[in-house]
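In: output the structure for:
(4 chains)
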There are 2 protein chains.
Amino acid sequence: MSPPQAARLRRTLHERGMRMTPQRQLVLDAVRELAHATPEQICQHVRRTASTVNITTIYRTLELLERLGLVRHTHLGHGAPFYSADEHEHVHLVCHRCGQVIEVPCTLLDGLGALLDSELGFQLDASHLALSGICRDCGAEEEQK
Amino acid sequence: MSPPQAARLRRTLHERGMRMTPQRQLVLDAVRELAHATPEQICQHVRRTASTVNITTIYRTLELLERLGLVRHTHLGHGAPFYSADEHEHVHLVCHRCGQVIEVPCTLLDGLGALLDSELGFQLDASHLALSGICRDCGAEEEQK
DNA sequence: ATAATTGCAAACAATTTGCATTCAG
DNA sequence: CTGAATGCAAATTGTTTGCAATTAT
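Out: This next block holds a predicted model:
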């Protein structure tokens, strides 16, 4: 499923005197398979294959993979952050009525990004953030009342 | 400093069979004075006047004030949320290099809001979440390297 | 051997809950 | 008196740290 990624990870680790381990492989695979998951969810998934992996290792590995640029995390408001593979860039819209998370392409924020840059010199990182609001379904429900 | 707010709070509470208390008054004042503060910071501030107020009461009061529409909170990424008075609307830009928080008017997101609404029926609440990126200063430092 | 990695238990931070006490109407 | 509000302690959740045991080179 992710042989090129595994190879890339192995190489990057080796360059820095670090080691490829089954745990690291499994965490990276889990992040890619689950698409957006919290450390806890990633841990559950990894444990289906290797039941003894500790949550501490999940945290340490996620931090490592993030430093290496292979994964990224986003805070969706409350609680635990969500991790996803680095290539999988998108903006998250969170409905604060029902909690649903909608992914939209980062290009939707191009206009805003350009505006913030020209006005304030702020370079927006669209994929790290979440926007909150009310989704279509909840908005419709609201109107019916 | 906030007599009209206090009156409004008292009235709103009374309508719902709830009571105005010194704690509620102090929490509301603290939120307005501190502009953006975490529950912990609000607690410190309130304790300068009433040293026995418990942090649990701070949490409960913030939740209440938010339900009543007098305050709102924003997640700036990691850790505790920040509370501010409802009228004080703005978008938060967080630099993920230096951690600086910049406030900008919500109107900067009007274009994006309209776009999300027409494309997805999503009603953006610009003031509830933060946008992340690199601020001007950190961007400049980056270039010098 | 020796250095990296892991697991485990304990510490920590932020928040919530249950419950007995206090207090205002 | 009665229900609302508070304080306190304990439970929960998410995360980090210290350290000893394990493992790859």
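
In: touching DNA strand D at all, stretch A:119-129?
Out: No: Stretch A:119-129 does not reach DNA strand D (CB under 7 Å from any atom of the strand); its nearest approach is 14.5 Å. For the C-beta atoms, the positions are set from N, CA and C on the backbone; glycine is no exception.

In: how about that stretch: buried residues?
Out: Within stretch A:119-129, the residues that count as buried by 16 or more other CB atoms under 10 Å in any protein chain shown are A:120, A:122-129.

In: can I get the CA coordinates of that stretch in CSV?
Out: These are the backbone C-alpha positions of stretch A:119-129, laid out as CSV (Å, rounded to 0.1, in the frame of the first residue of the first chain):
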residue,chain,number,x,y,z
GLU,A,119,-2.4,43.3,3.7
LEU,A,120,-0.4,41.9,6.5
GLY,A,121,2.5,39.9,5.2
PHE,A,122,0.9,36.8,6.7
GLN,A,123,1.6,33.6,4.9
LEU,A,124,-1.5,31.5,5.3
ASP,A,125,-1.1,27.7,5.8
ALA,A,126,-4.5,26.7,4.6
SER,A,127,-4.2,23.0,5.4
HIS,A,128,-3.3,23.3,9.1
LEU,A,129,-6.4,25.1,10.1
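
In: follow-up on the earlier one: so which of the buried residues of stretch A:119-129 are in strands?
Out: A:123-124 (DSSP state E).

In: ok, of the buried residues of stretch A:119-129, which one's closest to DNA strand D?
Out: DNA strand D lies nearest to residue A:128 out of the buried residues of stretch A:119-129, by CB to the nearest atom of the strand, at 14.5 Å.

In: assign the nearest residue to that closest one once chain neighbours are set aside to helix, strand or coil.
Out: Nearest in space to residue A:128, with sequence neighbours left out and distances taken as CB to CB, 6 or more residues apart in numbering or on different chains, is residue B:132 at 4.7 Å. Put simply, residue B:132 is strand when judged by DSSP: H, G, I helix; E, B strand; the rest coil.

In: mind listing what the closest residue to residue A:19 other than its chain neighbours touches?
Out: When the adjacent residues along the chain are set aside, residue A:19 lies closest to residue A:13, with 6.2 Å between them (CB to CB, 6+ apart). For residue A:13, the contacting residues are A:19-20, A:24, A:68, by CB atoms under 8 Å, 6 or more residues apart in numbering or on different chains.

In: and those residues, which are buried?
Out: A:24, A:68.

In: nearest to DNA strand C, of the contacts of residue A:13?
Out: Using CB to the nearest atom of the strand, the contacts of residue A:13 come closest to DNA strand C at residue A:19, 3.6 Å.

In: where do the domain boundaries of chain A fall?
Out: A:3-85, A:91-144 (automatic domain parsing).

In: near chain B, which residues of chain A are found?
Out: With CB under 8 Å from any CB of the partner chain as the criterion, chain A meets chain B at residues A:75, A:77-78, A:93-96, A:102, A:104, A:108-109, A:111-112, A:115-116, A:119-125, A:128-136, A:139-140.
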